[in-house]
Every structure is written in structure tokens, then in C-alpha cells.
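Peer 1: could you work out the structure for the sequence below:
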Amino acid sequence: MSNESTRQNESGLSRRHFLGGVGVALAGVAGSLALSACSETAEGETGVVSYTDSIKWDAEYDAVVVGFGVAGAAAAITAADAGVEKVLILEKAPYGEEGGNSKVAEQYCLSFRSEKDGVEYMTAMSEGFASASPEVINFMAKGGTENKAWVASLGLGEIESVLSTDREMTWDQMVAGRGYLPTVDFALGEYFVERPNGTWSFGEYPVMPDGVFTEGRAYWGSLGGPDREEKRLWKGMRQLVVDRADKIDIWLESPAIALIQEPISKTILGVRVNRKGSEINVRALNGVALTCGSLEANKAMLETFAQRGETYPVGTTHNTGDGIIMGMAAGAEMWHMSSLSGPWLLPKIPNVDRCYWFNSMRHRFLAGAECIHVDSRGKRFGAEQGWHKHGHVRVGDTMQNQQTPREVWAIFNDQADTLGNVPMIDPSLVFSASSPEELAQKIGIDAGAFAKTISDYNTYCASGSDVEFNRDARTMAALDTTTLRAVRLYSCVVNSQAGPRRNISCEVITPDGTPIPGLYSAGELGSFWAGVYECGGNIAECLYTGRTAGQGLTTKVQLPEIVVYTKAESNPVISGNDVVDIEAGAMNVTLGPDEYLGVAEGLHGSVIVKVKYVNGTIESVVVVEQYETPELTVKVWSDMPTAMVAANSAEVDTISGATVSSHALIAAVEDAISQAK
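Peer 2: Have a look, this model is predicted:
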């Protein structure tokens, strides 16, 4: 296989050309430190020292993991359990926001009945991309098969099959379960395929290469069964890391800003860290694993590598391509730079560079038949109601990322919102009008073109034929022009696969395929996924690449005997565990008579309450500490405590759109009351 042809196939741009001006000129931050041949040693004698000893180290660990999601947790746990004594996890986000996309994802883990089934399935999905080599496919199939046993060995429970990739259902069941009718394509790779008996199969790749439905050979697994937004896998992995506080330190708000690299052998010695505003050097005796996510929250990179403007993430806002910058500086080859999971069309949270995340991974904002999408010209641009594969649509015989206009508006009537999305967003985002012309004026699009678009669409509904985009007639219903509403939608990316290229040992490699000593990667950064993406694929990859990178961190890096530098005096004493410190500090609450402290786990951290409970009566509920998403949980903290006092019970109605936080508050209050009984 030609490396050059791989690069051209994926991005249309030769990586040789892209890296031509970079090469390996940058050798990490330490490469900028002044070098000298001979100098005074600590004893006052003239001598020479190694490059490693020429650096002033502020902290020293056996292994450093950059990024605290499932991949980072898997790497740290694997290293610690294999005997590595001191592991450091560097996390860019503050407390409550750690976890990256892992804590936002639906927790599905793509799994296979056997490695053979996995190889067949992954081969079908590779869509001809050369970087999905047989070696890579075999590695992914093996990892996806072994995840179940590994997670169980950690005591987290079983990854259970939740959905086969070809669930069989009737047409009516599809409508009821999805809230809308699908656009149907009988070709391999589409979501909905009709079976000979008249039922339908739903899945991203429901048919195997042998023409037989997958029948459970590939499936979406979840820890302990359907997750129901409980985020069990992420929470379990996080707790396993916290439980190993004797071996694993976690530094929050401490992004890695550069790799420290020996300039001759290119060995990674450590990492420079912005430790809450101060730059320090951290030694990594066994190497560094980059598990810090990819580029979907970096607007400039999205535009440069994927030609995406006005695009936002639906997950973490901290995946800004830090690992890509560090990898380039260390001489790594980049791959999959334009490979995105998305876009979905969703509204953006006001004043936040992130789109709303809706349950069940809704690829379309509105599900009802009385809905169309228009661009800034007031014109439709596609068949709105089809379900697409994580942003991929078929162009001829190849799946590619869907292209969407910069400006998109969902146009609908009230009854179209069958999934209840509109009440979940900020009311300022919704525009209403009693005529097309009035609505066009409010949202700033061409009134004449918009009125014609609606008139034409209603004509298609009456005739049963969408002559413009061939939308299935069963998904269409006329728009009432007197009760029109509009919401601005944006191209929203779930995640991206861009980053330093790695081999199946999860070693980061240079353009000629040589591993960079002491540098590993796992998870979405430089993901193995090429071209298209399958539901649960990244969570599964986080687990098997995380433990592979973690195994690599069990071996000390070998350094050459280079003695041409000035020794720096080091006193590596900085350490600490921010997660443990924060959670311990939050419990330091003064209690009065008949007051009890209750604790439960929310989505982003502990929910702590103080409850006054006198003779079987709840007199007050005070939320002491919580780290949940502000724009979605305001009523949880304002309305629910009042309702609990009025009902004299913790079991009150939850707040729509904030189920996890609501249940955490209920559990915390029940915890407090239990102490009084």
C-alpha cells in the first residue's frame, strides 16, 4: 500500500506537501532551551551532561497521560495495574467538565460476536479507504471483541447487547420509535433496508458482505444494559481512576502545551504544562500518551482541514486540537484530518460555542412531517427527513461527509415538533409569524423566494411527489402558512478523528512509519476510523487503544548517551490530586440542629445538599454544591427543593431536559434523610 495514495485518498492533500515546511524542525519546547558543550557541574567541576539533565524538571512521573476521558482513564488504569508506580493525568478542563466527549456520548460500545465477524463488518465499513488496512481492521475487530471481558475484569459489570446493528421492525414501529419516517435506500450501508418478509432492518450497516443481515454479529453494547443517560461507563472508568489515587494523580486546568523531546533521537522526555497559569516541566520516564481528543472545537482547524465554517461541537468545547499541534512539533504524520462524525443540524446554545445536545442522537432537529429546511436564500437544499450515518451520505457509490449551507433554518408548524425539541431550547431562538413574508423578514431571508419555496413544497405534498429532492411522500405534510415558526440551525460535529498517525501498538509514527520513542496516542486523537464512522466506534476504540497505549507506558524509554549540555538543578516535588481535593473540600459544610448532609453523583460531579429534617418533616432543602450544566438545570435547583418541602418528599417531578441532574438531587436528599432515621 502506498502511503502517498492514502493521504491523497483521505484529504486530497499530500501530507508530504503539508508537512514540508514543518519537518522535524521543532523538537518540543525543550528544543528552544539554550545548549552548551561544557559547563560547571553541581560540584563545581567542569563536565558535560545529557540533554535530559540540562532541563529543569519541576515534577517527575513514570508515565504521563494527556487527557481524562475514557481513553485516558483506560491508559492510566492499565499502566498502574501493570506495576507503574506514578502516573499523572493532565486534564485541560476544570472540575465538573473533565471527561471530554466520553461523558457526553451515549455510552454505546461497538462490539462483535467474534473477531471474524468484526473483521467482516469492519471491512464492509471501510468503504475502500486505504488507511483501513487489514492490519488495522484486525486490530479494531480484536479490540472490539475483547472490550467486554476487560471491562468485566475491572469489576464494572457486563457490556450487554442493547441493539443489533440490524434491528428488525415494522414500518409503524420505525415511525413510533424514531418519531419520523425514514428515507429508504436499498443499497448496502443505508440505515433502513427492507427484508423479504416486509419488515425492515435498522442499522448503520445492517447487511454484511455476504448479503446476509448481521443478525447480532455486530451490535451496540452498553454497560449494564440501556444507559438511559446515566453515563455508566464514563462514571465507572472515572471512579476506577480516583480509586487508584495512590498511583494516579489528576491535575485539572492543566493543559499540556508542548512535548519535551530529545533533539537527536527524538525521544519524548516529558511535557511542558500550564499548571493553573504557571508553566512547568514534567518528566515522563516511560513516555507520554496523548488522549486529549481531536479538533472539533477549533474553528480554524475545522475550516482548514474540513472546509467547515459556522460549525460547532455538540460535545466538549475543550477538544481544540492540542494533540495535533504537539504531534506536528514532534515530527508525527497526521491522518484522517477531514474525517468528522457529523454534521448534524442543531440549534446553538446562546453565547456558548456549542450546539444543544438532544437525547437519542437526533440527527435532525425536527422530526414531524410539517418541516422543511431552507438556506439564506429561502430555498430548500435537500430531502430533510432522511436519517444519515453520523453525517455521512451516499455520493454515487461512496459515503462522504454531508455538506450543509452556512445558514440553515428549520421551518415548521407547532405540530411538527413530535420529539419535544423546541421547549428544550432558549425561547429567543424561536421565531413565529402568520405568513411566509412576515417570517422571512424576521429571520432575514429573501421573502419572495421563501414564499415560493413553501408554495412549491405544499404542491409536492398534494401531488405526492417531491420533484426537487425526491423526499419520500410518506414523510411529507403541507405547511400551514398562517402558523409558521423558524429556528436557526448550525452544522454541529459530534467528534472528529483527526490527529497524529499511530500504529497498532498505539505508537505515534513519523511520515516514514518510524515510531517516535516514548509517544503514544489513544481515543479520538488520530483515530483509526477512516472515512465513515459507526455508532459506538469511538467509545470502543477508547477502551482498546487506551489499554494498548497504557501497556506501552509500562516500559522506560531508552536514552542515547549525549553529553553536550548544561545541567540544571532540579527538585521534582510538585504533585497532587485535584479531583480528590475538590471532592473532599466540598464536604466541609457546617450543620445545625436537625440538619443532614446528602451526596449523590450528577453528570458533572457531586451534588451536595443540606436538609433540615425535623420529626419526619422536610423543613428545608439547600443545594450546597453542584457542577451541572447551567443553562439546562436552573429549575432543578430552584423549583425542585421548593416542591420537596411542599410535598414533604424527595420524590417529586423531574425537570424536562435535565433528568440526570434531577435524579441526582432526589438521591442526595434521600441520602440526607436516611441519616435522620
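Peer 1: dihedrals phi and psi, the residue sitting nearest the centre point of the chain?
Peer 2: The centroid of the chain falls nearest to Asn101 when counting by CA atoms, centre = their mean (2.6 Å). Asn101 adopts backbone torsions of phi -70, psi -20, taken as degrees, to the nearest 10.
Peer 1: surely it meets Thr316?
Peer 2: Yes. Between Asn101 and Thr316 there is a contact at 5.5 Å, judged by CB atoms under 8 Å. C-beta: built from backbone N, CA, C; applies to glycine.
Peer 1: find the residues that touch each one of these two.
Peer 2: Residues touching both Asn101 and Thr316 (CB atoms under 8 Å, 6 or more residues apart in numbering): Gly293.
Peer 1: hmm, back to that, how close does the residue nearest to the centre of the chain get to Tyr457?
Peer 2: Going from Asn101 to Tyr457 by CB to CB, to the nearest Å gives 36 Å.
Peer 1: again with His390
Peer 2: Taken as CB to CB, the span from His390 to Tyr457 is 27 Å.
Peer 1: in three-state terms, label the closest residue to Arg244 other than its chain neighbours for me.
Peer 2: Distance criterion CB to CB, 6 or more residues apart in numbering; nearest residue to Arg244, sequence neighbours excluded, is Ala80 at 5.1 Å. Counting by DSSP: H, G, I helix; E, B strand; the rest coil, the backbone at Ala80 sits in helix.
Peer 1: where do the strands sit along the stretch 1-150 of the chain?
Peer 2: 39-40, 46-47, 59-61, 63-66, 87-90, 109-112 (DSSP state E, counting those that start in this stretch).
Peer 1: wait, which of those is closest to Trp335?
Peer 2: strand 63-66 (18.9 Å; CB to CB).
Peer 1: ok, now which ones touch the residue nearest to the centre of the chain?
Peer 2: Gly69, Gly293, Gly315, Thr316, Asn319, Val494, Asn495, Glu524, Asn538.
Peer 1: quick check, nearest of those residues to Pro343?
Peer 2: Val494 (8.5 Å).
Peer 1: name the nearest residue to that closest one, ignoring sequence neighbours.
Peer 2: Ser341 (4.2 Å).
Peer 1: next one: Gly157
Peer 2: Spatial nearest neighbour of Gly157, excluding adjacent residues (CB to CB, 6+ apart): Gly224 at 5.0 Å.
Peer 1: with Leu484 instead?
Peer 2: Leu439 (4.8 Å).
Peer 1: what ranges of the stretch 501-650 of the chain fall below the confidence cut-off?
Peer 2: Across the stretch 501-650 of the chain, the ranges flagged by pLDDT under 70 are 531-532, 561-565.
Peer 1: tell me where it has strands.
Peer 2: Using DSSP E, counting those that start in this stretch, strands in the stretch 501-650 of the chain cover 507-509, 515-521, 595-601, 606-614, 617-625.
Peer 1: count of neighbours near Thr514?
Peer 2: 13 (other CB atoms under 10 Å).
Peer 1: looking at the strands of the stretch 501-650 of the chain, spot the one closest to Val151.
Peer 2: strand 595-601 (19.0 Å).
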